[in-house]
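> model this:
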Amino acid sequence: MRKILRLFLAFPLLLLVLSKPAIAQERTVSGTVTSSEDGTPIPGVTVTNSKSGIRVQTNDAGYYSIAASTGQTLSYTFVGYVLQQQTVPATGMLNIKLVSTDNELENVVVTGYGQKRNKRELAYQTPTVSGEELSSTRRDNFLNSLAGRVPGLTVTSTSGLPGASATIMLRGATSIGGNNQPLFVVDGVPLDNGSMNQEDLIAASNTNAVGFANRNSDYTNRIADINPEDIEQVVILKGPEAAALYGSDGASGAIIITTKKGVSGKARISYDNSFRTDEVYRFPQIQTQFARGINGIYNPEAYSATYGFRYFGPEYAENAPQFDNLGNFFQNSFSQNHNLAIDAGNKDASYRFSVSYLNSKGVVENTGLKRMTFRLSAQTKLGEKMTMSSSWSYISSNNDKVPKGAGTYYNNLITYPRDIDASNYQNADGTRKVIKSGTNLAAEFDNPYWDVNKNKSNDETQRLTGNVNFSADPVKWLNLTTIIGIDHYVTEGFYMTHPQSRYGFATKGFLSTYEQNYNNLNGVARATFKKTFAKKFVNTLSTSFYIESSKRNVNSQRGEQFFEPDFISINNTAPLTQSAKLVRTEIRKIRAFANYTLGYNNILYITLSGIREGCFNTYIKVL
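Numbering: from 1, shown residues only. This is a model prediction of the structure:
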């Protein structure tokens, strides 16, 4: 009996001894966390024991220590770096090198509705251009920087003057009468790239005066408001790929722009500037042998209403003075650009604020562009499974312009007589100097210097864009994202023709003023399901719902018969010649999108996409 009692008392002790090895497996794991780029320690990295939930952070030297058992998984997370997981070994320290998310951008692109995808998962090509490549060109309009960098992309600029618009097409035109330019999406929010339609303005009352059927003034395409220094990456989606994501909006392709965000660490201030001067040094060849006339007979009045003076007279005399009007007309331009950025952050939040100033003078007198850009972006964690990010930008631009097209300074400069100094374009009393005899000022094209100094045009734009992004991961295999965006701008401008100019003489002066008001409010809700089976089959299902409401109002006025020839105001025109016009356009869209991708062992992918949308347009014109 005593032996049985002794065995009974010894049994718990035996279990304690046998369980000792299992308890001994839990130990204190330590190590350092450094950057894979330069090996510097990273303080503030969160180290989490996935089994027990214990969490610690690295100190200033990147060192950490945490209780864990052999075989358990430790997660290392920090803002701006890729999540890394490691299994606890039986012995030894556990040193980690984190990879910056910047290095991952080469393999990850942003596609439809702000969703990030690995390039290997996509069934189509996604050419990418880094923001550094774009900003290094120092172009006023960053679209011109894309030329030659993307296959099948064509960029056409209307001129080399500041504020000139640029047309971009992917794989050629897709519509005869519609818009052939791609959709622009910035941080998941579509932005307007339109410009003023001159048919919304009021032409002169006389058909021999100013008409807006042919575009005689340039208007900046609005996507040029973006500061290239704020761009992180540009992804190009062509035709079918964009249409599968954005429906009719993406019929001509889509350009997805991701802006720069703040990174973790101490606050950093960066500043850069650039200065540029331009000189026109190549000119078209023009004849310098024959003077004005017809059939070899000198006639200073020989003139064509289509292209100006006729040069079929005798040869210039050897001692006859000739002026290089074409070479003397253009001036050396000067442009300056300044960029200041501040960014900082920690493991839970980060921000970036930037300001840019551009002042660009053109090679033609009275042309220039001034632009101020302010941008603020921030992101923060709202808990363990939810993040919030937002970015806002404000742009103020002022563009001085000159007339363009037929009958304006460049065409007149080429056909201007070489034996007359074109820079002498005014009489002593300030009136227009003409070459032909007579009092009908409409019978002769304007002197090019008169045209750029007396026929003026200007645009001022104030623009506000912004977005708010909520993202939640309620479970590991589900992500819920909502993006709300706004795009609003107001452009005020005028186009003025002097009473003594060719196209202003018939109406004794012409002035067109306008105000364009654009508002766009949009939102998208997205759910992404991602599950892996048998460690090789990856299933990804993404569903999105998009809604948009945009309004564009153009209020224009026209006035003629100036009281004071050089004063620009609608009140300086005769009341009976004044007229007003309102053009209102409203578009509402709704769209549902779904995409399913099945991947096998990161080698083979099958993708299915579907989209359904509805659109309602309203166009109202009131005279």
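
> test my guess that Lys97 contacts Gly31.
No. In this structure, Lys97 is not within contact of Gly31 by C-beta atoms under 8 Å, at 10.7 Å. Every residue, glycine included, has its C-beta placed from N, CA and C.

> out of those two, which sits in the busier spot?
Gly31 (20 against 15; other C-beta atoms under 10 Å).

> what's the distance between that one and Arg55?
Applying C-beta to C-beta, to the nearest Å, the value for Gly31 to Arg55 is 15 Å.

> low-scoring stretches of the stretch 201-350 of the chain, by residue?
213-214, 239 (pLDDT under 70).

> likewise for the chain?
In the chain, residues with pLDDT under 70: 1-25, 101-112, 114, 118-124, 177-178, 213-214, 239, 623.

> am I right that Ala506 is in contact with Asn206?
Yes. Ala506 lies in contact with Asn206 (C-beta under 8 Å); the separation is 4.3 Å.

> who has more neighbours, those two?
The residue with more neighbours, out of Ala506 and Asn206, is Ala506; 21 against 17, by other C-beta under 10 Å.

> who touches that one in this structure?
By C-beta atoms under 8 Å, 6 or more residues apart in numbering, the residues touching Ala506 are 204, 206, 208-209, 442.

> redo those as JSON lines? Include secondary structure and distance to Asn555.
Formatted as JSON lines, these follow (DSSP: H, G, I helix; E, B strand; the rest coil; distance: C-beta to C-beta, whole Å):
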{"residue": "Ala204", "secondary structure": "coil", "distance to Asn555": "19"}
{"residue": "Asn206", "secondary structure": "coil", "distance to Asn555": "23"}
{"residue": "Asn208", "secondary structure": "coil", "distance to Asn555": "27"}
{"residue": "Ala209", "secondary structure": "coil", "distance to Asn555": "22"}
{"residue": "Ala442", "secondary structure": "helix", "distance to Asn555": "30"}
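
> list only those of those flagged as buried.
Among the contacts of Ala506, those buried by neighbour count (16 or more other C-beta atoms under 10 Å) are 204, 206, 209, 442.

> quote the end-to-end distance of stretch 438-447.
16 Å (C-alpha to C-alpha, to the nearest Å).

> that stretch: how far from the chain's middle?
Here the centre of stretch 438-447 is set off from its chain's centre by 43 Å, with C-alpha atoms, centre = their mean, to the nearest Å.

> and stretch 532-551, by the same measure?
With C-alpha atoms, centre = their mean as the basis, the mean position of stretch 532-551 lies at 26 Å from the chain mean.

> quick one, strands of the stretch 501-623 of the chain?
510-533, 537-560, 579-600, 604-622 (DSSP state E, counting those that start in this stretch).

> got the ones you listed as JSON lines, with distance to Gly296 and mean neighbour count columns?
As requested, the strands of the stretch 501-623 of the chain are exported to JSON lines (distance: least, C-beta to C-beta, whole Å; neighbours: other C-beta atoms under 10 Å):
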{"stretch": "strand 510-533", "distance to Gly296": "40", "mean neighbour count": "18"}
{"stretch": "strand 537-560", "distance to Gly296": "43", "mean neighbour count": "18"}
{"stretch": "strand 579-600", "distance to Gly296": "50", "mean neighbour count": "16"}
{"stretch": "strand 604-622", "distance to Gly296": "54", "mean neighbour count": "12"}
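
> stretch 460-471: which residues count as buried?
Buried-residue list, stretch 460-471, by 16+ other C-beta under 10 Å: 461, 463, 465-471.

> name the residues that touch it?
114, 186-189, 191, 220, 222, 225, 386-399, 479-493.

> again with stretch 553-568
Residues outside stretch 553-568 that contact it (C-beta under 8 Å, 6+ apart): 196-197, 200-205, 454, 456, 494, 496, 498-500, 507-518, 570, 572-574, 577-585.

> now do stretch 265-276
Outside stretch 265-276, the residues that reach it (C-beta under 8 Å, 6+ apart) are 80, 138, 229, 334-345.

> so which of those are in strands?
334-345 (DSSP state E).

> narrow these to just the buried residues.
By 16+ other C-beta under 10 Å, these give 335, 337, 339, 341-345 as buried.

> how about Glu613: which residues does it bridge to?
Arg591 (DSSP bridges).

> residues in contact with it?
247-248, 589-592.

> would you map the strands across the stretch 101-250 of the chain?
Under DSSP E, counting those that start in this stretch, the stretch 101-250 of the chain gives strands at 108-110, 116-118, 128-130, 153-157, 166-170, 183-186, 189-191, 231-237.

> can you list those in a markdown table and add distance to Thr540 and mean neighbour count?
As requested, the strands of the stretch 101-250 of the chain are exported to a markdown table (distance: least, C-beta to C-beta, whole Å; neighbours: other C-beta under 10 Å):
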| stretch | distance to Thr540 | mean neighbour count |
| --- | --- | --- |
| strand 108-110 | 14 | 20 |
| strand 116-118 | 9 | 15 |
| strand 128-130 | 21 | 18 |
| strand 153-157 | 29 | 16 |
| strand 166-170 | 26 | 21 |
| strand 183-186 | 21 | 24 |
| strand 189-191 | 23 | 23 |
| strand 231-237 | 18 | 22 |
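
> mind giving me the domain ranges of this protein?
25-100, 108-280+330-403+455-622 (automatic domain parsing).

> rebuild those as JSON lines, extending it with distance to Asn412.
Converted to JSON lines, these look like this (distance: least, C-beta to C-beta, whole Å):
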{"stretch": "domain 25-100", "distance to Asn412": "57"}
{"stretch": "domain 108-280+330-403+455-622", "distance to Asn412": "9"}
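
> nearest to Pro321, of these?
Taking C-beta to C-beta, domain 108-280+330-403+455-622 is the member of the domains of the chain nearest to Pro321, at 20.9 Å.

> report the distance from the closest one to the chain centre.
For domain 108-280+330-403+455-622, the distance to the chain centre is 5 Å (C-alpha atoms, centre = their mean).

> same check on stretch 266-281?
19 Å.

> report the buried residues of it.
Result for stretch 266-281 [16+ other C-beta under 10 Å]: buried residues Asp278.

> so what's Gly296 up against?
312-314.

> hmm, try it at 7 Å
If you count contacts by C-beta atoms under 7 Å, 6 or more residues apart in numbering, Gly296 has them with 313-314.
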